[in-house]
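Chemist: have a look; sequence and predicted model below, questions after that.
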Amino acid sequence: MSTTHAPSTTAPESTSICPHLEEDTKDHAELIAELCDLPDQATVVTMGGGAEILAALLLSHPTCKGVHLEFDEEIADAWALLTACGVAERCELQTARMYAAPPTAHLYIVADVSQSDHCTSGDVIDFVDTVSAVMPKGSWLVILDTMRDDPAPGRPASCDCEELCFCLVSRPHPPTQPGQEWSLAEYLHVLSPLGLRINSVRHPSPSYVLLALDSTEEPAGFSTPTPITRTRLYPNTPRDERPVGTVSPDK
């Protein structure tokens, strides 16, 4: 099971000192932190291409900690990035491709799914489905991705909402293969059953869309037996704590 790491006591650092992060990544992290009012000692959980965003957030919030869910093919690179940025001591790496309960957190981020060759729509659906069952009231789910234009609606809009809502979209199914851009409507199709509130849609840079949702209710829990807890990959789980059959990630 995951362990809790003590918050760092080092002075706040600027993301500008980390050459491994692009300027857009730093700007996106700053926008997310402001939008979600990221508190001290908060936990941030990221999935997809979110290791860079997590590193940027932790550099600018030195009392926060992070959990990054990564696919097997990218585990070593993700941990190397977090280490190079100096935030690995406040992070854990857990496997992404499994139906498992995520840690309780103030902020969940799904980033750059369309840029991943390994993340499928099923992986995203499994993640957001389990997130919605454990999200505390007042916590956030943020989607940050390049998004293709929405497909034409299959029928006229049938609501009187003045702002973006779940009922205004035709709810197409997202692409099933990895490496394909989703549209905003396709994301809303996946997110609509979760009972979250659409808080904001931003365009932080020409190629990105940020969709932010917050939880106004206490978590509903799981209607079926609670999924298993994800296995910690980095820092390495002590050998006597590993489930039978677990292989160290550096093997």
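Modeler: Arrived safely. Residues are numbered from 1 along each chain as shown.

Chemist: where does the protein dip in pLDDT?
Modeler: Applying pLDDT under 70 to the chain flags the ranges 1-17, 150-179, 223-226, 236-251.

Chemist: just the helices in it please.
Modeler: Counting by DSSP state H, the segments of the chain that form helices are 23-36, 51-60, 75-84, 121-134, 184-191.

Chemist: quick check: which of those helices is buried the most?
Modeler: helix 51-60 (a mean of 26; mean count of other Cβ atoms under 10 Å). The C-beta positions use only the backbone N, C-alpha and C, and glycine is treated the same way.

Chemist: got a list of contacts for the strand ranked longest in the chain?
Modeler: Taking DSSP state E as the criterion, the chain has its longest strand at strand 197-205. With contact meaning Cβ atoms under 8 Å, 6 or more residues apart in numbering, strand 197-205 is reached by 24, 27-28, 31, 35, 140, 144, 163-166, 184, 188, 209-216.

Chemist: can you count the residues close to Asn199?
Modeler: Residues within reach of Asn199, counting by other Cβ atoms under 10 Å, total 15.

Chemist: what's the separation between it and Ala133?
Modeler: Asn199 is 20 Å from Ala133, where distance means Cβ to Cβ, to the nearest Å.

Chemist: coming back round to it: what strands line up against the longest strand of the chain, and which way round?
Modeler: Note on strand 197-205: by DSSP bridges, its sheet partners are strand 208-214 (antiparallel).

Chemist: for Leu107, give me its contacts.
Modeler: Neighbouring residues of Leu107 by Cβ under 8 Å, 6+ apart: Ile32, Cys36, Leu38, Ala42, Thr43, Val44, Val45, Ser139, Trp140, Val142.

Chemist: between those residues, which has the most around it?
Modeler: Compared across the contacts of Leu107, Val44 has the highest neighbour count, 30 neighbours, by other Cβ under 10 Å.

Chemist: now do the contacts for it.
Modeler: Applying Cβ under 8 Å, 6+ apart to Val44 gives the contacts 38, 54, 57-58, 64-67, 105-109.

Chemist: again, but for Asp112
Modeler: Contacts of Asp112 (Cβ under 8 Å, 6+ apart): Gly48, Gly49, Gly50, Leu144, Asp145, Thr146.

Chemist: you'd agree the third one is up against Gln115?
Modeler: If I follow you right, that is Gly50. No. Assessed by Cβ atoms under 8 Å, Gly50 is found out of contact with Gln115, at 10.9 Å.
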